[in-house]
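Novice: Pasting a predicted model and its sequence here:
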Amino acid sequence: MDSTRPLAKVNDQVYEDIDPKMEWVNDAGFDTLLVRLPGFTKQQLRIQAATGDRKLKITGKSRQRNNKLIRFNKELTVPSDYNLDQIRAKFEGGVLYIKHPKKNISPAMPVQENNASSTAEPQKPANEKPEDGTSGQD
């Protein structure tokens, strides 16, 4: 956890607001946001994606020792080069992985293939004479 804020007291409950450490891992077809959340369980986290304003909201609360709760609230704007409706999340080992699939902004250039058969003889230049000495004309 990167930083904490002063304790807040709500309904006799003491809360500590935290700012979890986050980092991006880039890949070819998607990018993944890693949110480090030691002390949390999957059931204590909530992720919401709002398609209208392209916001991703991540919240969590975890009960700690001494009847204290830690909580966080992160709201991120999802850039338009990601498919917001295909974002997926998984929580494992105290890390929340949020996978952001990239849109295909421009199609890849098609690979040019040689249409010649591999058994065909190589073509000779047009100005080269046949090897048998004939002109090629009947």
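Specialist: All right, it came through fine. Residues are numbered from 1 along each chain as shown.
Novice: pLDDT weak spots in this structure?
Specialist: Under the criterion pLDDT under 70, the flagged ranges of the chain are 1-12, 105-138.
Novice: make it 90
Specialist: 1-15, 27-28, 39, 49-52, 63-68, 80-81, 83-85, 103-138 (pLDDT under 90).
Novice: show me where it has helices.
Specialist: Here the chain has no helices by DSSP state H.
Novice: wouldn't Gly39 be in contact with Gly60 here?
Specialist: No: in this structure Gly39 lies outside contact range of Gly60 using Cβ atoms under 8 Å: 9.7 Å. For every residue, glycine as well, the C-beta is placed using N, CA and C.
Novice: Does Glu23 touch Leu34 like I think?
Specialist: Yes: the criterion here is Cβ under 8 Å, and Glu23 meets it with Leu34 at 5.2 Å.
Novice: These two: which has the busier surroundings?
Specialist: A side-by-side neighbour count of Glu23 and Leu34, using other Cβ atoms under 10 Å, places Leu34 first with 15 against 10.
Novice: Could you list everything that one pairs with in the sheet?
Specialist: Going by DSSP bridges, Leu34 is paired in beta bridges with Glu23, Tyr97.
Novice: picking that back up, neighbour count: Gly39 and Gly60, which is higher?
Specialist: The residue with more neighbours, out of Gly39 and Gly60, is Gly60; 24 against 13, by other Cβ under 10 Å.
Novice: Having no further points to raise, I will conclude here.
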